[in-house]
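In: Here is a sequence together with a model predicted from it:
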Amino acid sequence: MGLILMVVLKVTSFTKVIQVIQSCFSMQTLRQIERDEYNPFKFYAITLTFFFLINLSFYFYKLNNTYKLVFIESQSSVQFLLLFFITMLFFTLKNGLARGLALFIGDSKLIPEYTYSSFMITQTLGILLFPCLVMAELGPFNNMIFISIASVILIALQAFKWYRGVMFAFVDNKVGFLQIFTYFCSLEILPTLVLVKFIIEKY
């Protein structure tokens, strides 16, 4: 599935995909895409998001398959589908929470800007995870080598996403530390803790 999506993206939206990757590391490109009225419902954006969800779910599946954490008695395909559903639900609710928080506190700039930047980074993450996961599944080497590389990429981009969010708050919007901490607790930390607690208690 992932390989098919990569081929589709290369054939239909290669230039756009390159721009998304560049926007992850270049504020100038990020602003340029924003000025061009980026639409998350365009074909390439939906495909990249779906590609990210598949790759992240497969990453969780490989970890779960290695350490036997949850859904132990389920078949491999069922495990993956369950993890895919949970991952998709988590990011859907998280995006809805961000939009709701922005409306509730009347923030029309910082949270939407952070959400938009995070969207670009997560789409890039899906692309970067793909070769690691392919090698972990099909390569002749120890799969934990590539799972570890994928973990480093995941952690690094997550940290970078938070760093960029802090820069948006401090530099562009002059937001205080307490407000930044509240935003991160609401948008990043709290949803993750709730998800982990739910999975551990339920399964």
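Out: Sure, I can see it. None of the values given here were measured: they were computed from a predicted structure. Residues are numbered from 1 along each chain as shown.

In: from here on, contacts and neighbour counts on C-alpha atoms
Out: Noted.

In: List of residues touching stretch 42-59?
Out: 2, 5, 9, 12-13, 16-17, 39-40, 80, 83-84, 87-88, 122-127, 129-130, 133, 147, 150 (CA atoms under 8 Å, 6 or more residues apart in numbering).

In: For it, what does the pLDDT average out to?
Out: Mean pLDDT, computed over stretch 42-59, is 93.

In: Count the residues that sit near Thr182.
Out: 12 (other CA atoms under 10 Å).

In: Which among the contacts of stretch 42-59 count as buried?
Out: 2, 9, 17, 80, 83-84, 87-88, 122-127, 129-130, 133, 147, 150 (16 or more other CA atoms under 10 Å).

In: which non-adjacent residue is nearest Arg99?
Out: Pro112 (7.5 Å; CA to CA, 6 or more residues apart in numbering).

In: Sticking with that neighbour, tell me its helix or strand.
Out: If you go by DSSP states H and E, Pro112 is part of helix 110-138.

In: so what does that helix touch, helix or strand wise?
Out: helix 2-25, helix 43-67, helix 76-105, helix 143-167 (3 or more CA pairs under 8 Å, 6 or more residues apart in numbering; DSSP states H and E).

In: Would you mind getting the angle between the second one and helix 110-138?
Out: Pointing back at helix 43-67 there. 50 degrees (axes from the mean of the first three to the mean of the last three CA atoms, to 10 degrees).

In: Specify the angle between helix 43-67 and helix 2-25 in degrees.
Out: Using the same axes, to 10 degrees: helix 43-67 against helix 2-25 is 110 degrees.

In: Okay, buried residues for helix 43-67 please.
Out: Under 16+ other CA under 10 Å, the buried positions of helix 43-67 are 44-45, 47-65.

In: how far away is Lys16 from Leu101?
Out: 30 Å (CA to CA, to the nearest Å).

In: likewise Tyr114?
Out: The value you get for Tyr114 to Leu101, if CA to CA is used, is 12 Å.

In: Please apply the same query to Thr87.
Out: Distance from Thr87 to Leu101, by CA to CA: 21 Å.

In: Please apply the same query to Met6.
Out: Met6 is 34 Å from Leu101, by CA to CA.

In: Over to Thr49?
Out: Distance from Thr49 to Leu101, by CA to CA: 22 Å.
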